[in-house]
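Engineer: Give the three-dimensional model of this entry:
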Amino acid sequence: MKRINLTIAILLIGALLASCSEQQPKDNLPASGEAAASQEPSASSTPDTEAALVTSQPAPTESPVSEEETSAAPLYRMSEAYRFVPIEDQTPSKVVLLTFDDGPKDKEVLTSILDTLDRHKAKAIFFVNGYRVKQNPDLLKLINKREQTIGNHSFDHNNLKEESKEVVEKQIGDVQTDVDALIGRKPLFFRPPYGSGSAIVKETAKNHGMLYMTWSNGSLDWDKSAKGKPDVVIKNVLEQLHPGANILMHELQWTADALEELLTALESKGYGFIDPATIELIR
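Structural biologist: Next up, the predicted model:
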């Protein structure tokens, strides 16, 4: 009996060892489902097995789209008289461009202007002077944060028409550099102080990738006749109003005080506001 029991035990142990050896993974087969997913399908793979392998792969990430690829085609082109005309017939012509010069210098006045623009969903160009940017870098950043456009108005507000090519280059180039350092991009629009330019000034602005402009509608808010008189600022703009008007204003308290009524009046006359981002830059 003991001999029989011993024989049975030996047979059971042998069977158990054989079973374990059959369950060992083969060296030439993947050890897990994750490893299998990383294998390239063989030429003999069926469509079903190839699909299973593909779906187990992580989804590819999309390449980032550049700003140039997402930007829309321009809607408006500037005329020789610095007015704006639609590029396509279906684009509204009854519009104006709002611009503010000589800042940034006063947070309260600037914030008032920005708040009014926001209420009317209006965009504008703020033509800044370099020396004021040096004095008030936070205000420049505020304009950018509020999604308004920054333009170049020279560094010292000199009459560039009377300056040498070297001086003009520095007056324009330094503003480009300083603005870029603060907000990560350079201005695309240039307005010479006093509207006084020359072939050298125009060429320098063009070399810096900017559209040169003066204006076609002056609010005269800088004149003593309008100082402290918002109603006069409004009257001056409306008397010169025309489709595509390029309206010159300044970062002044009475202009800020006039702006709500002025924009409301423009809207009541059926005018919209040009977004500078829709202006064609190359002429």
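Engineer: can you pull the contacts of T149?
Structural biologist: Contacts for T149 (CB atoms under 8 Å, 6 or more residues apart in numbering) come out as 123-126, 188-189, 276-277. For glycine as for every other residue, the C-beta is placed from the backbone atoms N, C-alpha and C.
Engineer: Filter the residues you listed down to the buried ones.
Structural biologist: 123-126, 188-189, 276 (16 or more other CB atoms under 10 Å).
Engineer: Show me these that map onto strands.
Structural biologist: Using DSSP state E, the members of these that fall in strands are 124-126, 189.
Engineer: would you turn these into JSON lines with pLDDT and distance to I234?
Structural biologist: JSON lines is the format used below for these (pLDDT from 0 to 100; distance: CB to CB, whole Å):
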{"residue": "A124", "pLDDT": "98", "distance to I234": "16"}
{"residue": "I125", "pLDDT": "99", "distance to I234": "20"}
{"residue": "F126", "pLDDT": "99", "distance to I234": "20"}
{"residue": "F189", "pLDDT": "98", "distance to I234": "25"}
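Engineer: nearest to G270, of those residues?
Structural biologist: Distance to G270 across those (CB to CB) is lowest for A124, with 19.3 Å.
Engineer: Can you tell me how far the nearest residue to the closest one once chain neighbours are set aside is from S154?
Structural biologist: Distance criterion CB to CB, 6 or more residues apart in numbering; nearest residue to A124, sequence neighbours excluded, is L98 at 3.9 Å. Distance from L98 to S154, counting by CB to CB, to the nearest Å: 20 Å.
Engineer: so T214 makes contact with P192?
Structural biologist: Yes. Between T214 and P192 a contact is recorded at 7.2 Å, counting by CB atoms under 8 Å.
Engineer: Please identify which of these two sits among more neighbours.
Structural biologist: Per other CB atoms under 10 Å, whichever of T214 and P192 has more neighbours is P192, with 26 against 15.
Engineer: and the more buried one, what pLDDT?
Structural biologist: If you check P192, the pLDDT there is 98.
Engineer: OK, contacts around it?
Structural biologist: 153-154, 160-161, 201, 212, 214.
Engineer: Out of these, list just those in strands.
Structural biologist: Checked against DSSP E, the contacts of P192 include these in strands: Y212.
Engineer: now, which of the contacts of P192 lie within helices?
Structural biologist: Among the contacts of P192, the residues falling in helices (DSSP state H) are V201.
Engineer: which residues in the stretch 151-283 of the chain form helices?
Structural biologist: Assigned helices in the stretch 151-283 of the chain, in chain order: 165-183, 199-207, 230-239, 253-268 (criterion: DSSP state H, counting those that start in this stretch).
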